[in-house]
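> Just need the structure, nothing else, for what follows:
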Amino acid sequence: MGSFSLLNIGSRAMTASYTALQTTGHNIANAGVKGYSRQTVELTTAEGQNTGAGYLGRGVKVNAVTRAHDEYLALEAVNTKSVAAMDRTRAVSLRRLEEVFSPGENGIGYAAGQFFNAMVDVASRPADDATRQVVLARAAEAADRFSGASDRMDAMQQDVEAGLRDGVEQVNSLAQSIARINQKVQSLQGEAQAPLDLLDERERLISALSEKLQLNTVKDEDGSIAIFIAGGRPLVMGGSTRELSVIADPLDAKRVALAMSEGQAVRVLDDRLLAGGDLSGFLQFQNQDLVRGRVLLGQMASAFVDSVNKQQSYGLNLNSQFGGDLFFDFHDPVASGRLAMVQAAVSNFGSTAPSLTVKDASKLQADEYLLAYDGAWKVTSRSNGKEFALTSLPSEVGFELSLPPGLDTRNRFLLQPVTYAAGLMRRVLDVSAGIAAASPAVVNAGAQNRGTASVSTLKVTSSTPDTTFSLSYVASTNKFNVTGAATVTSVDWTPGAPLSVAGVEIHLNGQPANGDTFVVSPTTQPRQNNTNALAMVALRDASLVGKSSSGAGGSTITDAYASAMADIGVRVQGATTKSDISTAVADQSERRRASDSGVNLDEEAARLLQFQQAYQASAKVLQAAQSVFDTLLQAAG
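Residues are numbered from 1 along each chain as shown. Alright, predicted model coming up:
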């Protein structure tokens, strides 16, 4: 009986040592496999046998093979990896956007400045065709810079869409693989030991999935793992999954959004709830950074085009006609190919929509707005949430809305007065003689004037000015009486302030005397007049962009471009720093997980020798038991 017990002890010892050797070899073989968890053989002492004289040991038995796995460290690694992927994707995209806002001679601000500088030569030689041709060339270059920047943003939008579609395809594939493993784990749930390598494979898939989306995981009693995204929407439940898809944004068809299938329905996911992964990084860039770049560019394009075209309309060209548009007026409500500034939500009822009209391009803000009904129709800024009354829109944001009667109150509209403006910018004046360098009116002081007042400048502020009237100063009232103007009979005189009469501003230096007169008359020699060209040059240093509701503030076109570069630059710097930090945190979390669960080859090599020696010693026990058994057989024989 004793020899049989010794044989059992040796046999069990060899089995335990062999199992430990096999497990150690498995660890060594998978040391380089990403996500592999170190496996360990758990040995326990076999229950002793009561012999009456005491309990005799019966050796060892293999209790289980387990893997080194810490749920907290694994969860931390997954979450930090998700955030790092999101920050990295956004930072890379922002660096590409920064290239659009080039500094120096390659920038939009420089091209716009060169256009105004070219007008200086026209002001010096208003009839010279060569200087006029340079203005047309500079105008085309400025337009190309704006439209080229818009084209590059369009390409970035396409890259975002491609990245999202590729990412969604990977998400769906990973989710299906996890669901299949869930099914296998569920089918093996009744067995005594868990399928360790299968669990590792599921962890690797979850880790890969976390680089696409932020996940919330819940382990079910049957061993499967449920995965939720976007604030609690189920992606994987046991052996079933829900598919993601990329669809057009419900408010702007030029952008895209993520959606999840729920039965027969497809529901859009709120990008603010994604909070991690490549897909969230792409959507953040599209909905925040790329939109910001577009509205900054569109705001400048709108103000630049409006101010130049407006000044053109105030002057006379070489054919003695009022100037036509130098640039395409994309805000013109009747122009072919004009800017679409109102986007209807896909869920709207009916096809009626409000009409948006730009009233003052210098007050247009770098923003988009949502028009929705909440007891009353309200316009809300998408950048800061500020609400505007419909009646105050022209003074506050430079445009007005006209709502058709019976507009369904369930409808929503996205207002984009500047978003895509730069893409439509182009020069439309091709004839150099069409540049309106001359003023339609001139002003001359009366020959009998006795005061020190002299004409400084005459500036036309309307495309339909009165060009034939006279001014006579009355000292007792400190006014100029106006004769011949259609709408004005007198104007106050304030030294330093212009005299504004029916679309004409007259600036005087000095002090007029009682009875002094100034006569305004039509321009008869536009080839020799440079007044409107000088007014065009003055736009270079005028506040054209982003004025306040009172008309104060604002920036020159070059300052606005510098501010836009700084805005995008700050975003790049912030995103890069954030990406560096989140990447470092993710790397640290992964190192902690690997330190706890990974394979150390030095340790495994030491264990290999340990278990090899144990196996050899076990064989010696068997050899001794065999010798004892042979001796017993010989004695019995």
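> What is the burial count for the closest residue to residue 362 other than its chain neighbours?
Computed as Cβ to Cβ, 6 or more residues apart in numbering, the closest residue to residue 362 that is not its neighbour in sequence is residue 547, at 4.7 Å. (Each C-beta comes from the backbone N, C-alpha and C, glycine too.) Neighbours of residue 547 under the rule other Cβ atoms under 10 Å: 20.
> now the helices for the chain?
2-29, 71-100, 108-124, 129-187, 196-210, 277-284, 291-314, 393-397, 531-538, 557-597, 601-636 (DSSP state H).
> Mean neighbour count, those: which tops it?
Most buried of the helices of the chain, by mean neighbour count (mean count of other Cβ atoms under 10 Å): helix 277-284, with a mean of 26.
> Next, the angle from that one to helix 71-100.
Counting by axes from the mean of the first three to the mean of the last three Cα atoms, to 10 degrees, helix 277-284 points 40 degrees away from the direction of helix 71-100.
> by contact count, what packs against helix 277-284?
With contacts defined as 3 or more Cβ pairs under 8 Å, 6 or more residues apart in numbering; DSSP states H and E, helix 277-284 has these neighbours: helix 71-100, helix 129-187, strand 256-262.
> just to revisit the earlier point, of the helices of the chain, which approaches residue 478 most closely?
helix 531-538 (27.1 Å; Cβ to Cβ).
> circling back to that earlier point, wait, what's in contact with the residue nearest to residue 362?
360, 362, 363, 553, 554 (Cβ atoms under 8 Å, 6 or more residues apart in numbering).
> Which of those fall in strands?
The strands, defined by DSSP state E, take in 553, 554 from those.
> now, the most widely separated pair of the contacts of residue 547?
Pairwise distances across the contacts of residue 547 peak at 13.3 Å for 360 and 553 (criterion: Cβ to Cβ).
> Pick out whichever of the two has more residues nearby.
Per other Cβ under 10 Å, whichever of residue 360 and residue 553 has more neighbours is residue 360, with 17 against 13.
> For that one, which non-adjacent residue is closest in space?
residue 398 (4.5 Å).
> was I right about the one you found contacting residue 366?
No: between residue 398 and residue 366 there is no contact under Cβ atoms under 8 Å: 11.5 Å.
> per the record, what domains does the chain have?
2-68+599-636, 70-339+420-432+532-597, 441-522 (automatic domain parsing).
> between the ones you listed, which one is nearest to residue 353?
domain 70-339+420-432+532-597 (12.7 Å).
> Could you work out the end-to-end span of that closest one for me?
By Cα to Cα, to the nearest Å, the extent of domain 70-339+420-432+532-597 from end to end equals 7 Å.
> Over to stretch 58-74?
End-to-end distance of stretch 58-74 (Cα to Cα): 39 Å.
> Pull the residues that contact it.
Applying Cβ under 8 Å, 6+ apart, the set of residues contacting stretch 58-74 is 5, 8-10, 12-13, 15-16, 19, 23, 37-49, 192-193, 196, 199-200, 203, 589, 592-593, 596-597.
> got the contact list for the nearest residue to residue 171 once chain neighbours are set aside?
Of all residues not flanking residue 171 in the chain, residue 212 sits nearest, at 5.0 Å (Cβ to Cβ, 6+ apart). Residues near residue 212 by Cβ under 8 Å, 6+ apart: 85, 167, 170, 171, 174, 277, 278, 279.
> and of the helices and strands packed on helix 277-284, who's closest to residue 501?
The nearest among those, by Cβ to Cβ, is helix 129-187 at 29.8 Å.
> Apart from its chain neighbours, what residue comes closest to residue 306?
residue 361 (3.5 Å).
> contacting residues around the one you found?
302, 303, 305, 306, 307, 331, 398 are the contacts of residue 361 under Cβ under 8 Å, 6+ apart.
> my guess is the third one meets residue 427, correct?
No: the criterion here is Cβ under 8 Å, and residue 305 misses it with residue 427 at 10.1 Å.
> Residues in contact with both of the two, list them for me.
327, 328.
> Poorly predicted segments of the chain, please.
When residues are selected by pLDDT under 70, those of the chain lie in 1-4, 50-52, 190, 192, 637.
> so who does the residue nearest to the spatial centre of it touch?
Central residue of the chain (Cα atoms, centre = their mean): residue 285, 2.2 Å from the mean position. By Cβ under 8 Å, 6+ apart, the contact list for residue 285 reads 89, 90, 93, 94, 97, 160.
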